[in-house]
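[1] Below: sequence and its predicted model.
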Amino acid sequence: MKVSFDSICLHEMFTKLRQALRQRREEHALQRRQIPDAVWDLTLRRFQFLQRLDDVELNNLRRMSSLFLDIKEFHGVNGFELRNDIVVAVAAQACLPILKLGLSHYDNFVGIVMHADSVVASRERPDDVGVVHAYDEILAGEAVNGGPIMLSWNDIYSSAGQACDGPAYNVVIHEFAHVLDMRDGLADGMPLLPDSNAQRAWHDVFELEFEQFCRWVDQGLDTAIDPYGCEGPEEFFAVATEAFFVTPEKLKSQQPDMYRLLASYYLQDPAE
């Protein structure tokens, strides 16, 4: 098929126009949601693992956090006050995993529901013979496919001063890892990947790492990843992502193949 020179020029003109319009929208959003220096500095002091980023990456994270705040809707429950330091803390930690992937990875939800503390949720689960059992579950956060995302500020804040001698714990990164996991519609520990070859390569490494991790937990060994990951592949992916960003050296030392798998997906190498 012959394509005229005029058609190529017209396509390039519209591409440049779209880019200019997107840049203008972003600049307006950055003005509307500009993060004050004092609030940003407080966020970096509270969540010191963010300081692993270099100056360019920190500037990109701050910019992305502003854009995140402009397009997401925060709701405080039972009168919970959404201060600037609270929403920026959520935005910065939520944007860290997608720093090199892009904000479009969070396009499938809008709402973020903030509670002052953990929430008790009523659950029902059938057993192997079909009998339904009711129970209560304490939630620090929850991600539902399509949103909203629920988070407890007390759990976010208490993790800020986390000691490095135990498994990593970060409820924001955990729940947003679930968001990435569910981009293909399934919560199965495999995020949306470009093709079937990438999916097979992911599965081969992920399954071995998951099985090894669960054996260690069964043996009572200390792990870089929270033992909660044994609940299933989707939880293993979420808690492994926590360790990848919060205590990357420990994860890389203990499960180097899992570390490399996550680095290949997130396009980051926080241990370095």
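    In hand now; what should we look at?
[2] CA atoms for contacts and neighbours, from now on please.
    Will do.
[3] Give me the neighbour count for the closest residue in space to H174 that isn't next to it in sequence.
    Excluding its sequence neighbours, the residue lying closest to H174 (C-alpha to C-alpha, 6 or more residues apart in numbering) is A238, at 4.9 Å. A238 is flanked by 27 other residues according to other C-alpha atoms under 10 Å.
[4] which phi and psi does A238 have?
    The phi and psi torsions at A238 (degrees, to the nearest 10) take the values phi -70, psi -50.
[5] which ones are touching it?
    When contacts are counted by C-alpha atoms under 8 Å, 6 or more residues apart in numbering, A238 touches 173-175, 177-178, 189, 229.
[6] Pretty sure D117 sits in a helix.
    No. With DSSP: H, G, I helix; E, B strand; the rest coil as the criterion, D117 is coil rather than part of a helix.
[7] What is the burial count for V129?
    Number of residues near V129 (other C-alpha under 10 Å) recorded here: 6.
[8] do E12 as well
    By other C-alpha under 10 Å, the residues close to E12 number 12.
[9] Now do the helix or strand harbouring it, average pLDDT.
    Using DSSP states H and E, the element containing E12 is helix 5-32. Per-residue pLDDT over helix 5-32 has a mean of 70.
[10] just stretch 89-97 next, same as before
    Averaged across stretch 89-97, pLDDT comes to 98.
[11] Only alpha carbons, please: show stretch 41-59 as PDB.
    In PDB, the C-alpha atoms belonging to stretch 41-59 read as follows (Å, rounded to 0.1, in the frame of the first residue of the first chain):
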ATOM      1  CA  ASP A  41      10.800  16.300  52.800                       C
ATOM      2  CA  LEU A  42       8.600  14.900  55.600                       C
ATOM      3  CA  THR A  43       7.600  12.000  53.400                       C
ATOM      4  CA  LEU A  44      11.200  11.200  52.500                       C
ATOM      5  CA  ARG A  45      12.200  11.300  56.200                       C
ATOM      6  CA  ARG A  46       9.300   9.000  57.200                       C
ATOM      7  CA  PHE A  47       9.700   6.500  54.500                       C
ATOM      8  CA  GLN A  48      13.500   6.300  54.100                       C
ATOM      9  CA  PHE A  49      13.500   3.500  51.500                       C
ATOM     10  CA  LEU A  50      12.400   6.200  49.100                       C
ATOM     11  CA  GLN A  51      15.800   7.800  49.500                       C
ATOM     12  CA  ARG A  52      17.400   4.900  47.600                       C
ATOM     13  CA  LEU A  53      16.300   6.900  44.500                       C
ATOM     14  CA  ASP A  54      18.800   9.300  42.900                       C
ATOM     15  CA  ASP A  55      17.900  13.000  42.400                       C
ATOM     16  CA  VAL A  56      16.500  12.500  39.000                       C
ATOM     17  CA  GLU A  57      14.300   9.600  40.100                       C
ATOM     18  CA  LEU A  58      13.100  11.500  43.200                       C
ATOM     19  CA  ASN A  59      12.100  14.400  41.000                       C
END
